[in-house]
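got a sequence here, can you model it:
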Amino acid sequence: MKKKVILTYGTFDMFHIGHLKLLKRLAKMGDKLIVAVSTDEFNLLKNKKTIIPYDQRAQIVEAISYVDKVIPEYSWEQKIEDIKRYKVDIFAMGHDWKGKFDRLKEYCEVVYLPRTKGISTTSLKKSLKLFSSIDKEELLKAFDILDRLKTDLQ
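Okay, the predicted model is just below:
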């Protein structure tokens, strides 16, 4: 009996619960989950700046029990080649990509899954940028005020 192979692609920068939930859902859809992690070079071509280098992102994804194999993503064009090479049954992406990969339906089933609400790498990066822009002296003063209020309330 042929095992059902699932394939997905992603950058997986700043790995978070949304990534984990997506990989878990994908793993339940078949018998083997292959995850293509975008290389740093490919992310630069997509005008995407990553915080975590490719080799570390690939190791993190590879360590997830739901994932059977990690491959590098070098280009947009490699998807058909990967589908054929790994005998993929289902190509899956987040719903924000809906319709973008419908051309792959000629080779396998294409599925777009909902993202986890309230979490995304983009929002994490925005929060980190905002936090890092706060004046450190002002932040320390705010913590000092909070400590004094806490003491006064006790």
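
what ranges do the helices span in this structure?
17-28, 40-45, 54-62, 78-85, 121-133, 136-153 (DSSP state H).

hey, least reliable of these by pLDDT?
Ranked by mean pLDDT, the helices of the chain end with helix 121-133 at the bottom, a mean of 55.

related to what we said a few turns ago, of the helices of the chain, which is nearest residue 34?
With respect to residue 34, and counting by C-beta to C-beta, the nearest of the helices of the chain is helix 78-85 at 7.8 Å. (C-beta placed from N, C-alpha, C; glycine too.)

ok now the closest one, how far from the chain's centre?
Chain-centre distance of helix 78-85: 20 Å, with C-alpha atoms, centre = their mean, to the nearest Å.

going by neighbour count, which residues in it are buried?
78, 79, 82, 83 (16 or more other C-beta atoms under 10 Å).

re the thing from before, turn the helices of the chain into JSON lines, including distance to residue 114.
Listed next are the helices of the chain as JSON lines, based on distance: least, C-beta to C-beta, whole Å:
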{"stretch": "helix 17-28", "distance to residue 114": "9"}
{"stretch": "helix 40-45", "distance to residue 114": "24"}
{"stretch": "helix 54-62", "distance to residue 114": "20"}
{"stretch": "helix 78-85", "distance to residue 114": "21"}
{"stretch": "helix 121-133", "distance to residue 114": "16"}
{"stretch": "helix 136-153", "distance to residue 114": "36"}
